[in-house]
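Enquirer: coordinates only, sequence not included:
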């Protein structure tokens, strides 16, 4: 073999298994991506001002986005069906919403505030009563071992809570400035959100086309389709969850009022808010209701359990299928894993926005995978492969 042929064969082997190998290319891209992430983490101080900016503008943008998905269908309907001016319809909707806000501030909020203060004030009594009843139930010799364990756990919990409370009280003065800053940011967000919402309602439907102009011409159609799909997923989830939460709050308020449970309005509204946490919200909302009912009487406890069963049945069999359907097509186990992971990393914000965030990532990853399948050629079955599959 000539030297030139030997070098050609060596180059061909290296080119085939290393340079022109798709697996090696993918691993190299992953390694470079991780290296970039690591380098960015080392210069986090450089992005600190951006984080501060996002912490200020993030709340009004998220609030305006949620309200946009709730109100935009009504605006679109009035504009297309009745041929009304879009700005005029938005102005009328803002006036109506302002009227509801005034009603809530005058009527609803004072009632909820009074009940909430009463619950907080009497909660130690309620919890002490539950503990006393539990200890009485466990007083028989059959439950002596369990009782000792429960008392030990209860003591540990009380001690931990007391230490945490002392720590919080001790740091109250130090954290007063941050509390004032948080309240100020919250108020600024409430003031600026309506302005952002107005322009979102007015020009939001043109946003995907505007964003696509930042990409090359050959990719603009795909980018618009991607943004439309993300918008559809997020809008269906937000509208569905908030609508279901509203009806859950109504059902609990009616149910607690019918059985005569104290603080029915506040407990029902709390159940509606907690229902934004999929699968877990309603069960978490039942804890204060069950504690208060047990303090009243065993009969009231049974009535509250019946209310919970009736609400869960109506929600699972009627409300959720009609409103949510299977729009996100996410398995319940996946939802629980996402909730646990996002809650652990981002706290309450992660629990609330973990599912729509996962839906967005799912759309993006699916699009990238479809593009990879089409571009790589690794998923195209040849005629010989089809014949082999038919023979086997």
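Expert: Good, I have the coordinates. Since this is a predicted model, take the numbers as computed values, not measurements. Residues are numbered from 1 along each chain as shown.

Enquirer: What helix or strand is the residue lying closest to residue 228 once chain neighbours are set aside located in?
Expert: Leaving aside its chain neighbours, residue 228 sits nearest to residue 208 (6.1 Å; criterion: CB to CB, 6 or more residues apart in numbering). Where you see a C-beta, it was placed from the backbone N, CA and C, and this is true even at glycine. Assigned by DSSP states H and E, residue 208 belongs to helix 207-212.

Enquirer: Show me what that helix is in contact with.
Expert: Outside helix 207-212, the residues that touch it by CB atoms under 8 Å, 6 or more residues apart in numbering are 220, 223, 224, 227, 228, 231.

Enquirer: State the next helix or strand along the chain beyond it.
Expert: Following helix 207-212 in sequence order, the next helix or strand is helix 217-259 (DSSP H and E).

Enquirer: Just the mean pLDDT for that following helix, thanks.
Expert: What helix 217-259 shows for mean pLDDT is 90.

Enquirer: starting at the chain centroid, how far to it?
Expert: 11 Å (CA atoms, centre = their mean, to the nearest Å).

Enquirer: helices or strands up against it?
Expert: If contacts are counted by 3 or more CB pairs under 8 Å, 6 or more residues apart in numbering; DSSP states H and E, helix 217-259 sits against helix 48-81, helix 207-212, helix 264-274, helix 281-296, helix 298-314, helix 320-323, helix 348-376.

Enquirer: from the middle of its chain, how far away would the fourth one be?
Expert: Yep, that's helix 281-296 we're talking about. With CA atoms, centre = their mean as the basis, helix 281-296 stands 23 Å off its chain's centre.

Enquirer: What of the third one?
Expert: Helix 264-274 has its C-alpha centroid displaced from the chain centroid by 18 Å (CA atoms, centre = their mean).

Enquirer: Now do the buried residues in that helix.
Expert: For helix 264-274, burial by neighbour count (16 or more other CB atoms under 10 Å) applies to 264, 265, 266, 267, 268, 269, 270, 271, 272, 274.

Enquirer: Tell me how far the third one lies from residue 247.
Expert: Okay, so that is residue 266. Per CB to CB, to the nearest Å, residue 266 is found 18 Å from residue 247.

Enquirer: go on, the fourth one?
Expert: According to CB to CB, residue 267 and residue 247 sit 16 Å apart.

Enquirer: likewise the second one?
Expert: Going from residue 265 to residue 247 by CB to CB gives 16 Å.

Enquirer: And for the first one?
Expert: When distances are taken as CB to CB, residue 264 and residue 247 turn out to be 16 Å apart.

Enquirer: which residues are in contact with stretch 267-277?
Expert: Contacts for stretch 267-277 (CB under 8 Å, 6+ apart): 112, 241-242, 244-246, 248-256, 261, 281-282, 284-286, 288-289, 292, 339, 351-352.

Enquirer: ChimeraX command to pick out the buried ones of those?
Expert: The buried residues among the contacts of stretch 267-277 can be selected in ChimeraX (16+ other CB under 10 Å) with this line:
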select :112,241,242,244,245,248,249,251,252,253,255,256,261,281,282,285,286,288,289,292,339,351,352
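
Enquirer: And residue 78, what's its pLDDT?
Expert: Note for residue 78: predicted pLDDT of 90.

Enquirer: let me redo that: residue 301
Expert: At residue 301, the model reports a pLDDT of 91.

Enquirer: dump the residue contacts of it.
Expert: Residue 301 makes contact with 290, 293, 294 under the criterion CB under 8 Å, 6+ apart.

Enquirer: hang on, the last one packs against residue 131?
Expert: In other words, residue 294. No. Here residue 294 does not reach residue 131: they are 10.6 Å apart, not a contact under CB atoms under 8 Å.

Enquirer: which of those two has more neighbours?
Expert: Comparing residue 294 with residue 131 by other CB atoms under 10 Å, the one with more neighbours is residue 294, at 18 against 14.

Enquirer: Which pLDDT value belongs to the more buried one?
Expert: Reported pLDDT at residue 294 in the predicted model: 87.

Enquirer: Look up how far residue 302 lies from it.
Expert: For residue 294, the distance to residue 302 equals 10 Å [CB to CB].

Enquirer: Which single one of the buried residues of helix 264-274 is nearest to residue 323?
Expert: Compare each of these with residue 323 using CB to CB and the shortest gap goes to residue 272, at 13.8 Å.

Enquirer: any idea how far the closest one is from residue 239?
Expert: Taken as CB to CB, the span from residue 272 to residue 239 is 15 Å.

Enquirer: Residue 199 too?
Expert: Using CB to CB, residue 199 is found at 20 Å from residue 239.

Enquirer: the more surrounded of the two?
Expert: Counting neighbours by other CB under 10 Å for residue 199 and for residue 239 shows that residue 239 has the greater number, 18 against 12.

Enquirer: residues touching that one, list them.
Expert: Shown in contact with residue 239 (CB under 8 Å, 6+ apart): 69, 70, 73.

Enquirer: low-confidence ranges in the stretch 251-392 of the chain?
Expert: By pLDDT under 70, the low-scoring segments of the stretch 251-392 of the chain are 324-329, 376-392.

Enquirer: Go again with 90.
Expert: 262, 274-287, 291, 294-298, 315-360, 362-392 (pLDDT under 90).

Enquirer: where's the nearest residue to residue 288 once chain neighbours are set aside relative to residue 56, distance?
Expert: Distance criterion CB to CB, 6+ apart; nearest residue to residue 288, sequence neighbours excluded, is residue 267 at 6.4 Å. Residue 267 sits 34 Å away from residue 56, going by CB to CB.

Enquirer: How about residue 222?
Expert: Residue 222 sits 33 Å away from residue 56 when distances are taken as CB to CB.

Enquirer: Alright, calling it a day.
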